[in-house]
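# I'll drop the sequence and a predicted model, then ask my questions.
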Amino acid sequence: MKTFLRYLLLACILFLAIHLYSLGISTGTFALVVLALAVESIFWMGLFKKNKKKPLNP
């Protein structure tokens, strides 16, 4: 279930980035395009995030 929620959140973040790109380009607002770039970078960092495993105690 945890994996499903992670990918659902990533899909929402990607949708938000695409929406911000479309708003920024159609209205000509540079700040929205910059915000979309920031949201997209959060998406890519979350997609390739490595899971840290706890070391086993001997």
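Done, it's in.
# name the residues of the longest helix along the chain that are buried.
Across the chain, the helix with the greatest residue count (assigned by DSSP state H) is helix 2-27. Residues of helix 2-27 classed as buried by neighbour count (16 or more other C-beta atoms under 10 Å): Leu10, Ile13, Leu14, Leu16, Ala17, Leu20, Tyr21, Gly24. Every C-beta, even on glycine, is put in place using the N, C-alpha and C of the backbone.
# could I get those as TSV with distance to Lys2 and pLDDT?
Compiled in TSV, the buried residues of helix 2-27 are given as follows (distance: C-beta to C-beta, whole Å; pLDDT from 0 to 100):
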residue	distance to Lys2	pLDDT
Leu10	13	86
Ile13	17	89
Leu14	19	89
Leu16	21	91
Ala17	23	90
Leu20	27	91
Tyr21	29	92
Gly24	33	91
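# elements contacting the longest helix of the chain?
In this structure, helix 2-27 packs against helix 30-47, with contacts taken as 3 or more C-beta pairs under 8 Å, 6 or more residues apart in numbering; DSSP states H and E.
# against which helices or strands is the helix it packs on packed?
By 3+ C-beta pairs under 8 Å, 6+ apart, helix 30-47 packs against helix 2-27.
# centre of the chain to the longest helix of the chain, how far?
Chain-centre distance of helix 2-27: 7 Å, with C-alpha atoms, centre = their mean, to the nearest Å.
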